[in-house]
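**Student:** everything below, folded, please.
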Amino acid sequence: MMKLAILSSAIAATAAFAPVSTYSAKSALRSTPEPEEATSEIPADIPVPVPAVVAINGWVPDDTAKCYGLPGAVAPTGYFDPLGFAQSGITLNDVKRNRESEVMHGRVAMLATVGYFVGESFPGPFGLTGPANEQLAQLPVFPFTLLTGLIGACELKRATIGWVEPDFGNWSKTLWQLRDDYYPGDIGFDPLGLKPTDPKKFANMQTKELQNGRLAMIGAAGMCAQEIFNHRTIMGTIDFYQKIQSGLDPYGGCADGIDIC
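**Tutor:** So this is what the prediction gives:
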């Protein structure tokens, strides 16, 4: 009897560590295939909506228009681009960058044109005299350094407004890249409040600025070349040729050995 009890206890203890068999029969509902999740694919015949382009000063880039629709073309030449700076295939960023360069150089040239006449007609500080081309070299070191620093500060400020911050890890991605919401030349400096809010009026004023800037660039380049050639002021050159046209000796009032007087 004792042996039978011990044998029964051993069998029970061994069965406790045996794996439990599970019933894995599948029900009819379980055997039914599960529905697949719905996809949000857009049929090929339905166009994908394009994000709306925000107008900048009333201008929306149009890749079908010349120069992407930027103002600046007037009669009689109209759209004049003999060197192909804005020809088909040029990217929008390159066109904006070229326009930025044109506007800024035009503004500098307009200031330079006025500066030629004013600087040569009135005695300037630091004893500046003679042709405007030679007056910059007459500046003392401190004013020249101050002027150079001011120009550099203005250029850095313009860069932070209109240009994308450089990515030194991928420099080719941001090099020469303008901001998408930046209008070429619009740095927000308008102390006299001349900037129109109406898009058509703004485009008209932009065209006027471009035309005057283009003329000023040609004029400033001509005056610079003229003074390099004859070392005379602008008004001195006019007076020189007026004497020639009148049959007078332009060197009559000059001292011996001096041909500029």
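**Student:** can you show me the CA trace of the host helix or strand of Phe144 as PDB?
**Tutor:** Using DSSP states H and E, Phe144 sits in helix 141-162. Provided in PDB are the C-alpha atoms of helix 141-162 (Å, rounded to 0.1, in the frame of the first residue of the first chain):
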ATOM      1  CA  VAL A 141      43.300 106.400 -43.200                       C
ATOM      2  CA  PHE A 142      40.700 106.700 -40.400                       C
ATOM      3  CA  PRO A 143      37.800 108.100 -42.600                       C
ATOM      4  CA  PHE A 144      38.700 105.600 -45.300                       C
ATOM      5  CA  THR A 145      38.600 102.700 -42.800                       C
ATOM      6  CA  LEU A 146      35.300 104.000 -41.400                       C
ATOM      7  CA  LEU A 147      33.800 104.200 -44.900                       C
ATOM      8  CA  THR A 148      34.900 100.700 -45.800                       C
ATOM      9  CA  GLY A 149      33.500  99.300 -42.600                       C
ATOM     10  CA  LEU A 150      30.100 101.100 -43.200                       C
ATOM     11  CA  ILE A 151      29.900  99.600 -46.700                       C
ATOM     12  CA  GLY A 152      30.700  96.100 -45.300                       C
ATOM     13  CA  ALA A 153      28.100  96.400 -42.600                       C
ATOM     14  CA  CYS A 154      25.400  97.400 -45.200                       C
ATOM     15  CA  GLU A 155      26.300  94.500 -47.400                       C
ATOM     16  CA  LEU A 156      26.200  92.000 -44.400                       C
ATOM     17  CA  LYS A 157      22.800  93.400 -43.400                       C
ATOM     18  CA  ARG A 158      21.500  93.000 -46.900                       C
ATOM     19  CA  ALA A 159      22.800  89.400 -47.000                       C
ATOM     20  CA  THR A 160      20.900  88.500 -43.800                       C
ATOM     21  CA  ILE A 161      17.700  89.900 -45.200                       C
ATOM     22  CA  GLY A 162      17.600  88.300 -48.600                       C
END
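**Student:** and for it, what's in contact with it?
**Tutor:** Identification of contacts with helix 141-162 by Cβ atoms under 8 Å, 6 or more residues apart in numbering yields 100, 104, 125-126, 136, 139, 178-179, 182, 184, 187-188. No exception for glycine: its C-beta is placed from N, CA and C like everyone else's.
**Student:** confidence-wise, which of these comes last?
**Tutor:** Here the lowest pLDDT out of the contacts of helix 141-162 sits on Pro125, with 85.
**Student:** just to revisit the earlier point, pull the most distant pair out of the contacts of helix 141-162.
**Tutor:** By the measure Cβ to Cβ, Phe126 and Arg179 form the most distant pair in the contacts of helix 141-162, at 39.8 Å.
**Student:** neighbour count winner among those two?
**Tutor:** Arg179 (14 against 11; other Cβ atoms under 10 Å).
**Student:** quick revisit: ok, and what's touching the next helix or strand after the helix holding Phe144?
**Tutor:** The C-terminal neighbour of helix 141-162 among helices and strands, as given by DSSP H and E, is helix 171-174. For helix 171-174, contacts defined as Cβ under 8 Å, 6+ apart pick out 164-167.
**Student:** among these, the buried ones, what's the PyMOL command?
**Tutor:** In PyMOL syntax, the buried subset of the contacts of helix 171-174 is picked out as below (16 or more other Cβ atoms under 10 Å):
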select buried, resi 164
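**Student:** and which of the contacts of helix 171-174 is nearest Pro199?
**Tutor:** Minimum distance to Pro199 across those is 25.3 Å, recorded for Val164 (Cβ to Cβ).
**Student:** check contacts around that closest one.
**Tutor:** 174, 177-179.
**Student:** from those, which would you call buried?
**Tutor:** Buried among the contacts of Val164 by 16+ other Cβ under 10 Å: 177-178.
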